[in-house]
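Asker: Got a sequence here, can you model it:
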Amino acid sequence: MTDDTFIPRSSGARIGVRLLLINPRFPESFWSFRWALQKVLTGKRALNPPLGLATLAALCPPTWRVEIVDENVDPVPLDPAVDLVGVCGMAVQFERQRELLEYYRGRGLPVVAGGSFASLCPERFVRLADSVVAGEAENIWVEFCRDFESGAPQALYHETGTVDLQKSPTPRFDLLKLDRYTSVAMQFSRGCPFRCDFCDIIVMFGRQPRTKSMEQIERELDVLRAQEVRSVFFVDDNLIGNKKLAKQLLRYLIEYQARHNYAFRFGTEASINLADDKEMLELARAANFGWVFIGIESPDEESLKETNKTQNMKRDLLGAIRTIYAHGIDVLAGFIVGFDNDTLETFDKQDRFITRSGIQVAMVGLLTALPRTPLYERLQKEGRLIKESAHGDNTKLGTNFLPKRMSYDAMVQNYRRLYRRLFSDRGIAQRIRNKARHIEPGPAEDYPLREQFAMVRKLWWHGVLVGGPRRWFYFLFSLVTSRPRVWPQVFLDWIVGLSMRDYVRRHFMPERIVGQRRVQGAVDALQRFCIADLRRGALEFVSSLGQRGATLHIWLRGEIGREFFQTAGKRLDKMLRNSSATLTLSIDALHIEQREQLARLLARLAPYGDRVSVWLGEQLRPLISIDSSVFHLLLAPQQRAALAPTCR
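Answerer: Residues are numbered from 1 along each chain as shown. Predicted structure coming up:
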């Protein structure tokens, strides 16, 4: 580091380091609930803000000036006036995290990498960042800040001890745009007492849960209440990992809620043994917990035994879920297929169990081996890992190892079919009916009554009506077979069910050939209207069909005729709406007066932004703004080259 890194006072003292913290954009997944956010919960951009970065900001020296940019709700700045850039990330965010680190480092800015994936695999970041912060940050981030101020930061900071959570500061919630999220994350504990062999939680946080004090929780709730937050998600990996302390928390939350007119509605993650503790359930309901995410994984006892999921064994899983429902708490759940015990019949078992349980938010994933976990080490020894395969998102059509009792291709195809059944109109309605028989009304919704009516209206208009008579029938069927007092839950389940269905439709359908036809149709139409631009080289189209499906790459190299902008919006919208094709816009040059036309085109393509990549020439970047929270903004020439089709 040089002295130019710091901003001196008039006295010459080095203070006021300008720090930019970035949470990279997530690739779309089931967890995005994009349809719900775009069509029903308008005004919201993402589910939860980056709690880790807010905590990191609170750990900075008081003289530092910190800005947090969550690329899921705001574009990243391309030329920030800062002294240091920090980029966090989970495994699923690694590619974007890498792109951002390389971009800012290439512009001469010091960069520091952190987050859960850097904690698991710091070796993946040593060439990408000037410094890597691996592990819980409360101690080592303070050390990094001190070293950075002195001009001698280390290449790696690795927490190897046990962090005392009672020394963790109140996160800088004031640096987040909380109104853009459906709920806000808080954390009470870290660590989980169980030993599931596919899970990386105990690798990072250990098996002895550590907790914050009630005073810390009160300070955080006070800050959120002052910012009019109403929905809070305790992101603990297992809130009841230490039942005694969890009950202390719940009793405190009941007392806090009573003092503040039940200001919050809570959700959390817990293990299935929550259902065994009647007192815990009663406390959770009294504290205003409305939902809980549970890792059920499999209804097959042998698969649970194989993965050491002992807390789920020797119990009536279906009865446990219904017990939780009976206390007015909805159940969201994770399921896994791909254990060595699993066969193609496992998909039918999962389908039957999920349907009978009524779980609408059923996140079924193909088993994925995460680095450093016992599962990863075992499969590595057995030579079953697939090299260079991604392992960040287990809800994609693929995984990173070879299954034992079924072929890889058959596993993927049956995974696709399972989701098609679960999120058919009939599948959504069946689960609603089965849940409605057992669930009691939970806490009141966080939205004012007027907004709730507006959401139901949008659900009907954008979700039910467009589905045709078949969906009308199942929607009305789910209402008439449910008690009116649980209709709010019925509406919510249709919102999340249709949102997940929308993702399945766009990402899980076998549409490579359909996509190719749609792309070729768009190219043919555009070529008919843009002959002059094509002849003089101002415009070029290149399409291809690869492993990832159909792609279209459009180059804009100068002033483009108005015919392109008049035609492109309609044709590209149709292509993206009716296929899983991807689009890359490379804008190397553009007449300055055509910025408004480009903006209208991008607004038309925004609903498909996860499949639209945009490259801007260096000279255009100060003049044209591309929202990287909507589109994949390419930051380096090699990124565009990697996306460019190789055949015409």
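Asker: any low-confidence regions in the stretch 401-550 of the chain?
Answerer: 510-514, 547-548 (pLDDT under 70).
Asker: Please enumerate the strands of it.
Answerer: 539-546, 549-557 (DSSP state E, counting those that start in this stretch).
Asker: I figured Arg65 hits Leu21, correct?
Answerer: No. Look at Arg65 against Leu21 with Cβ atoms under 8 Å: they stay out of range, at 11.5 Å. Glycine gets a C-beta too; all of them are placed from N, C-alpha and C.
Asker: still on that earlier bit, the strands of the stretch 401-550 of the chain: which one's closest to Phe491?
Answerer: strand 549-557 (34.0 Å; Cβ to Cβ).
Asker: follow-up on the earlier one: more neighbours, Arg65 and Leu21?
Answerer: Leu21 (26 against 14; other Cβ atoms under 10 Å).
Asker: quick one, what contacts that one?
Answerer: Contacts were defined as Cβ atoms under 8 Å, 6 or more residues apart in numbering; by that measure Leu21 touches Leu53, Leu56, Ala57, Val66, Glu67, Ile68, Val69, Val85, Gly86, Val87, Cys88.
Asker: what about the second one, helix or strand, and which?
Answerer: Secondary-structure element containing Leu56, defined by DSSP states H and E: helix 51-59.
Asker: Report the distance from that helix to the chain centre.
Answerer: Per Cα atoms, centre = their mean, to the nearest Å, the displacement of helix 51-59 from the mean C-alpha position of its chain is 19 Å.
Asker: and stretch 168-186, which residues are buried?
Answerer: By neighbour count on 16 or more other Cβ atoms under 10 Å, the buried set for stretch 168-186 is 168-173, 175-176, 178, 180-186.
Asker: Sketch out the helices for the stretch 501-648 of the chain, chain order is fine.
Answerer: 512-529, 531-535, 562-577, 595-605, 637-643 (DSSP state H, counting those that start in this stretch).
Asker: What helices and strands are in contact with the shortest one?
Answerer: Other helices and strands packing on helix 531-535, by 3 or more Cβ pairs under 8 Å, 6 or more residues apart in numbering; DSSP states H and E, are strand 539-546.
Asker: Sheet-wise, list the partners of the strand it packs on with their directions.
Answerer: strand 549-557 (antiparallel) (DSSP bridges).
Asker: who's in contact with the partner strand?
Answerer: Counting by Cβ under 8 Å, 6+ apart, 511-512, 515-516, 518-519, 522-523, 537-545, 568, 572, 575, 579-590, 643-645 sit against strand 549-557.
Asker: Tell me where the stretch 151-300 of the chain has strands.
Answerer: 156-158, 184-186, 189-190, 210-211, 231-234, 265-270, 289-297.
Asker: CSV please, covering those and showing distance to Val17 and mean pLDDT.
Answerer: Shown next, in CSV, are the strands of the stretch 151-300 of the chain (distance: least, Cβ to Cβ, whole Å; pLDDT from 0 to 100):
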stretch, distance to Val17, mean pLDDT
strand 156-158, 17, 96
strand 184-186, 26, 97
strand 189-190, 28, 92
strand 210-211, 30, 92
strand 231-234, 31, 98
strand 265-270, 35, 97
strand 289-297, 38, 96
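Asker: Could you say which one of the ones you listed comes nearest to Glu451?
Answerer: strand 231-234 (12.8 Å).
Asker: Return the list of helices and strands in contact with that closest one.
Answerer: Using 3+ Cβ pairs under 8 Å, 6+ apart, strand 231-234 is in contact with strand 184-186, strand 265-270.
Asker: among those, which is nearest Lys243?
Answerer: Here strand 265-270 is closest among those (Cβ to Cβ), at 10.2 Å.
Asker: now that closest one, how far from the chain's geometric center?
Answerer: 17 Å.
Asker: who does that strand pair up with?
Answerer: strand 231-234 (parallel), strand 289-297 (parallel).
Asker: Turn those strands into JSON lines, columns for mean neighbour count.
Answerer: As requested, the strands paired with strand 265-270 are exported to JSON lines (neighbours: other Cβ atoms under 10 Å):
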{"stretch": "strand 231-234", "mean neighbour count": "22"}
{"stretch": "strand 289-297", "mean neighbour count": "23"}
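Asker: Sketch out the low-pLDDT regions of this structure for me.
Answerer: 1-15, 390-393, 510-514, 547-548, 640-648.
Asker: so how many other residues sit close to Gly106?
Answerer: 11.
Asker: Not counting residues beside it along the chain, what's closest to it?
Answerer: Nearest non-adjacent residue to Gly106, counting by Cβ to Cβ, 6 or more residues apart in numbering: Ala636, 7.3 Å away.
Asker: Next: Gln597.
Answerer: Nearest to Gln597 is Phe565, by Cβ to Cβ, 6+ apart, at 4.2 Å.
Asker: Quick check: the gap between the one you found and Ile531.
Answerer: For Phe565, the distance to Ile531 equals 15 Å [Cβ to Cβ, to the nearest Å].
Asker: who has more neighbours, those two?
Answerer: Taking other Cβ under 10 Å, Phe565 and Ile531 do not tie; Phe565 has more neighbours (17 against 12).
Asker: Name all residues that make contact with the more buried one.
Answerer: Gln594, Gln597, Leu598, Arg600, Leu601.
Asker: How about the contacts made by the residue nearest to the last one when sequence neighbours are not counted?
Answerer: Think Leu601. Excluding the flanking residues, the one nearest Leu601 by Cβ to Cβ, 6+ apart is Gly569, at 5.2 Å. Applying Cβ under 8 Å, 6+ apart to Gly569 gives the contacts Arg600, Leu601, Arg604, Leu605.
Asker: From Gln566, how far off is the first one?
Answerer: Summarising the geometry, the distance separating Arg600 from Gln566, computed by Cβ to Cβ, is 10 Å.
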